[in-house]
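# Generate a structure from the sequence data that follows.
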Amino acid sequence: MKKFLLFSALFLMFLLVASGCSKTYVTGFHTESNFAYPNSNVTPVGYAAGASSPACSLFGQKFVTSDMQDEAVKNALQAKQADILVNYIAFTKLSNFLIVNCTEYMVEGTAAKMVIGTQKLK
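Here you go, the predicted model:
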């Protein structure tokens with residue numbers, strides 16, 4: 001009986017230590033993913049979402065880099081074949097399992113096509 005209780009306690013402790021945790025934080029609200037020309041016609045295409053590849057490390061969390069941000073926006077735009085992402089929300093997802101920590105950057109917003117106008121501005 002004592003061996004069973006000891007084994008059960010060790011197994012429960014292993015489950016607590018081995019369980020992973022994942023948290024998602026809102027990084028910010030953005031108006032546009034890249035520069036929209038003043039003389040351009042922007043037409044919404046629809047909802048788009050994209051994510052970067054997770055960046056993992058041992059014994060510490062990685063920071064979100066500009067490459068991760070660009071990759072997430074590019075993936076969202078490719079899904080809708082659009083030129084710009086407008087009014088989008090950015091998220092950072094932090095996951096850990098034992099000593100492995102992963103960071104992922106995600107975006108959700110309205111994808112739009114942008115056509116530069118040909119009229120002359122005064």
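# tell me the helices in this protein, going along the chain?
Listed in chain order, the helices of the chain (DSSP state H) span 2-18, 66-80.
# outside of stretch 88-99, which residues touch it?
Contacts of stretch 88-99 from elsewhere in the structure, counted by C-beta atoms under 8 Å, 6 or more residues apart in numbering, are 17-18, 20-30, 33, 54, 58-59, 61, 64, 69, 72, 76, 101-110. Bear in mind the C-beta positions are built from the backbone N, C-alpha and C, glycine included.
# what's around Gly28, how many residues?
Around Gly28 there are 10 other residues, counting by other C-beta atoms under 10 Å.
# nearest residue to it other than its sequence neighbours?
Ala90 (5.3 Å; C-beta to C-beta, 6 or more residues apart in numbering).
# And for that neighbour, the neighbour number?
If you count neighbours by other C-beta under 10 Å, Ala90 ends up with 20.
# what do you get for Lys113?
Close neighbours of Lys113, defined as other C-beta under 10 Å, add up to 15.
# Not counting its neighbours along the chain, what's nearest it?
Among residues not flanking Lys113 along the chain, Thr43 sits closest, at 5.0 Å (C-beta to C-beta, 6+ apart).
# ok, the one you found - contacts?
Listed by C-beta under 8 Å, 6+ apart, the contact partners of Thr43 are 112-115.
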